[in-house]
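# kindly generate the corresponding structure for this input.
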Amino acid sequence: MGGVSKAVEELRLADHMIYITFPLLEDKQIFLNAVTHLGNAIRVVVKDFMTQEVAYKRVRFMPPEDLLINEFISKYSSKIGISSFSKMIKDVTTFNNVKSRSTIKLKRNDKFIVISPEYSMVALTLSEVKSYLSQAKEFVNKMKVLVK
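Numbers count the residues shown, from 1 in each chain. You can find the predicted model right below:
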């Protein structure tokens, strides 16, 4: 249950950053940090779920961190009824993965763009993140029931 409470705290931080701090300061770093917290919340509950699957011997081994989300989505999204959250999970995870390797972070109009060293570009808008935040809250609540 510790992972779920950590996920709830990460979501609370992301929510505060997006709805309160960002509108006041308009700093792109606050937006980027909020997306990081959103990704952390998703990663924590997915890791808890996968740890439980390994413990109950439904999965042989825990996938490495970088493959964990994709493995979870491909094997469990339709099985446990979370396929509606797949796009949100993939978008947030991809954005955070590119952001972690990126030296170029831009804000153009209403889009926040990160560019990887290989010049692949990923963008998110504030409205997308607000939508993903509400979806993530719903996702964490669903996962809370599945992770005992």
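
# number of nearby residues for Val147?
By other C-beta atoms under 10 Å, the residues close to Val147 number 20. The way it works is simple: take the backbone N, C-alpha and C, and place the C-beta from them, glycine included.

# likewise Arg108?
8.

# before we move on, what about Glu65?
Other residues near Glu65 come to 9 when the count uses other C-beta under 10 Å.

# report the longest helix in this protein, please.
helix 28-55 (DSSP state H).

# shaky segments in the protein?
1 (pLDDT under 70).

# show me what the helix or strand containing Pro23 is packed against.
If you go by DSSP states H and E, Pro23 is part of helix 22-25. Packing partners of helix 22-25 (3 or more C-beta pairs under 8 Å, 6 or more residues apart in numbering; DSSP states H and E): helix 28-55.

# quick check: buried residues in the helix it packs on?
By 16 or more other C-beta atoms under 10 Å, the buried positions in helix 28-55 come out as 30-50, 53.

# for that helix, packing partners?
The contact analysis (3+ C-beta pairs under 8 Å, 6+ apart) places helix 28-55 against helix 2-16, helix 22-25, helix 65-76, helix 86-101, strand 104-108, strand 111-115, helix 126-146.

# export the ones you listed to a markdown table and append columns for distance to Lys57.
Shown next, in a markdown table, are these (distance: least, C-beta to C-beta, whole Å):
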| stretch | distance to Lys57 |
| --- | --- |
| helix 2-16 | 20 |
| helix 22-25 | 44 |
| helix 65-76 | 15 |
| helix 86-101 | 25 |
| strand 104-108 | 43 |
| strand 111-115 | 39 |
| helix 126-146 | 17 |
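
# residue nearest the centroid of this protein?
Nearest residue to the geometric centre of the chain (C-alpha atoms, centre = their mean): Gly39, 2.5 Å.
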